[in-house]
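*Asks:* only the shape, not the letters, is given here:
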């Protein structure tokens, strides 16, 4: 997947893609990151659209990436929640 496509993905999709790419289950990632498995599941399902920065940092570190790699692209109109 190209960097441009990754930047256009939402946090929930990015987390799932990076986790699967690392060969980890939600449970394994949660243990490695020191967060609950339900937190990982909720973020991946999009039920936690704005995860706590500390949670994102822990997940990113466990995946060997930065928290910025997991964030929605602010320039992507599909992630803009500002009313038109």
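*Replies:* Great, that's in hand. This structure is a prediction, so every number in the text was calculated from the model and none was measured.
*Asks:* where does this structure have low pLDDT?
*Replies:* Low-confidence segments of the chain (pLDDT under 70): 1-8, 74-84.
*Asks:* the helices in it, which residues?
*Replies:* With DSSP state H as the criterion, the chain has helices at 3-8, 11-21, 26-33, 37-44, 53-63.
*Asks:* which strands and helices lie in contact with the last one?
*Replies:* Read that as helix 53-63. Contact partners of helix 53-63 among helices and strands, from 3 or more CB pairs under 8 Å, 6 or more residues apart in numbering; DSSP states H and E: helix 11-21, helix 26-33, helix 37-44. For the C-beta atoms, the positions are set from N, CA and C on the backbone; glycine is no exception.
*Asks:* sorry, back to before: JSON lines for the helices of the chain, including mean neighbour count?
*Replies:* Formatted as JSON lines, the helices of the chain follow (neighbours: other CB atoms under 10 Å):
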{"stretch": "helix 3-8", "mean neighbour count": "12"}
{"stretch": "helix 11-21", "mean neighbour count": "18"}
{"stretch": "helix 26-33", "mean neighbour count": "18"}
{"stretch": "helix 37-44", "mean neighbour count": "18"}
{"stretch": "helix 53-63", "mean neighbour count": "18"}
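*Asks:* would you mind giving those helices as a markdown table with distance to residue 71 added?
*Replies:* Compiled in a markdown table, those are given as follows (distance: least, CB to CB, whole Å):
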| stretch | distance to residue 71 |
| --- | --- |
| helix 3-8 | 9 |
| helix 11-21 | 6 |
| helix 26-33 | 16 |
| helix 37-44 | 12 |
| helix 53-63 | 7 |
